[in-house]
Structure formats: structure tokens, C-alpha cells
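In: Show me the folded form of this:
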Amino acid sequence: PLVLAVSLHAANDKLRNQLMPINRRYPLTDLLKACQYWIDKIGRRITFEYVLLAGINDNLRDAEELANLLGKLLANVNLIPFNPVAQTNFQKPTKSRVNAFRRHLESKGITVTIREEKGGDIAAACGQLRLREMNKNSD
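Out: Down below sits the predicted model:
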């Protein structure tokens, strides 16, 4: 059985262009058409990965926009609280913010999981190791 995960991280093209420049080439309308095609052919749910960035894409307006975007798709949203990395300006949202986001999506009928955080205390969480290795190799 195939499982498809799509990195989404924003529910509108303006923000997604900033967070994921590939969106300029494949905007959300094109991406969602391709996702619906996959669902129709395979008949399985798609997981949409959504990294929550404090003050960027973690408020209830963003949750509402995401629910509207995915509401008609056979979808699961995997919320990923950002793991702090010194070389970025992004911050981790509070647990209450993450839970409010989750509750709002669930109230709209969206299936939601929150990625369990591991390794952040030793800078070994998702995104942290890769950036550390890149910095080490550039020295």
C-alpha cells in the first residue's frame, strides 16, 4: 500500500511562496488537483505535513484556511511543531497554540496528528541535525 505525504506548511500561495519557493512553479491549485487525481486513482488518504511556525502559520485564521483548502479531500494533517534552530528566525509555537490549531481542524472534520517531538533537547530533532551537518561541512 502506498502512502503519500505532501509538505504543505501554508494554506495560501502568498505564504507558501515564502516558505517553499517551489510553490511558484507548482501553486496550490495545481498541487491539489494532482492530490485529488492520486486519491481518485489510489483510493487512499494523503498526509499533509504542516510545520507550525510561531506567529507565521499557527493562528486560528491559518487553521481555518487550511480546513477550507483540504476539507473536500481525503486527507490527514500531520502537525509538526518547529524545532528551534539557531540559524533561523523561526520559533516554536506554544503547546496551547498547537492544540488550538489541532482542535480547530478537528472541529471542521479534518483528521489530525501531532508529530511526537524527540531529540530537540540535544539538537537532534527534525531539521536540526541537517542544518548542523551543513554548517560543519561548510567550515
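
In: Mind listing residues that contact the longest helix that the chain contains?
Out: Longest helix in the chain by number of residues (criterion: DSSP state H): helix 28-42. Residues from elsewhere that reach helix 28-42 (Cβ atoms under 8 Å, 6 or more residues apart in numbering): 2, 4, 6, 11-13, 16, 23, 45-46, 69, 73-75. Yep, even glycine has a C-beta here, placed from its N, CA and C like the rest.

In: from the residues you listed, which would you call buried?
Out: Among the contacts of helix 28-42, those buried by neighbour count (16 or more other Cβ atoms under 10 Å) are 6, 11, 16, 23, 46, 69, 73-75.

In: Quick check: strands, which of the contacts of helix 28-42 are part of them?
Out: Among the contacts of helix 28-42, the members falling in strands (DSSP state E) are 4, 6, 46, 75.

In: For the last one, which residues are in contact?
Out: Read it as residue 75. Neighbours of residue 75 in contact, by Cβ under 8 Å, 6+ apart: 35, 45-48, 110-111.
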